[in-house]
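Visitor: Have a look; sequence and predicted model below, questions after that.
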Amino acid sequence: MAHDVVFFLAPDDEVVAAMRGRRPGPGSEFVTCRFVEPDSAIAEWDMYFEEPSAEVPTPEQLHRWWPQWVTTPLNDGVEVFALPQRLTRVLAGAGPTDLKELAARWTTRLKAADGDDMTDDDLLAVLQGIAHLAASAVSTGGRLYSWSF
């Protein structure tokens, strides 16, 4: 589980790869959350929109939807993922009901997996912020990424 997660915009993978060990900071538009696994979150969101189901996904199902690393993971605990462009486009156009349903499903999965260690972040607010970033990415031709430690 990542201690800190930052979802942010960047023009492309090369720019993100160059900042590999550094967290996006001042001057960047970003959304933060804590104590979640960004790879499984991204996979769950992508799966939710591509293969809608009332069922909470299993870990095996999520692995089929795993996002791409921007750089090869090192032994420093930092992971940087690119959100799939199709997911970025869908999040950019997602309405309040979609985000609320996705947040509820995400919360259910996290509670089942993490119990009392689950994040105390407002997951709906996190998703709303990420949807706003996605809309910015779509309108500027940028990409959406996650950085975690």
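Guide: Great, that's in hand. Predicted model only: the values in this text are computed from it and were never measured.

Visitor: hey, let's count contacts and neighbours off CA atoms from now on
Guide: OK.

Visitor: top strand in the protein by residue count?
Guide: Ranked by number of residues, the top strand in the chain under DSSP state E is strand 2-10.

Visitor: which residues are contacting whatever helix or strand comes next after that strand?
Guide: Remark: after strand 2-10, the chain's next helix or strand is helix 13-18, criterion DSSP states H and E. Identification of contacts with helix 13-18 by C-alpha atoms under 8 Å, 6 or more residues apart in numbering yields Ala10, Val70, Thr71, Ala82.

Visitor: Next one, pLDDT for the first one please.
Guide: Looking at Ala10, its pLDDT reads 94.

Visitor: Let me see the contact set for it.
Guide: Taking C-alpha under 8 Å, 6+ apart, one finds Val16, Gly142, Arg143, Leu144, Tyr145 in contact with Ala10.

Visitor: Could you dump those into JSON lines and include neighbour count and pLDDT?
Guide: Compiled in JSON lines, the contacts of Ala10 are given as follows (neighbours: other C-alpha atoms under 10 Å; pLDDT from 0 to 100):
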{"residue": "Val16", "neighbour count": "24", "pLDDT": "92"}
{"residue": "Gly142", "neighbour count": "18", "pLDDT": "95"}
{"residue": "Arg143", "neighbour count": "22", "pLDDT": "96"}
{"residue": "Leu144", "neighbour count": "26", "pLDDT": "97"}
{"residue": "Tyr145", "neighbour count": "29", "pLDDT": "96"}
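
Visitor: what about this structure, any weak spots by pLDDT?
Guide: The chain contains residues with pLDDT under 70 at 1.
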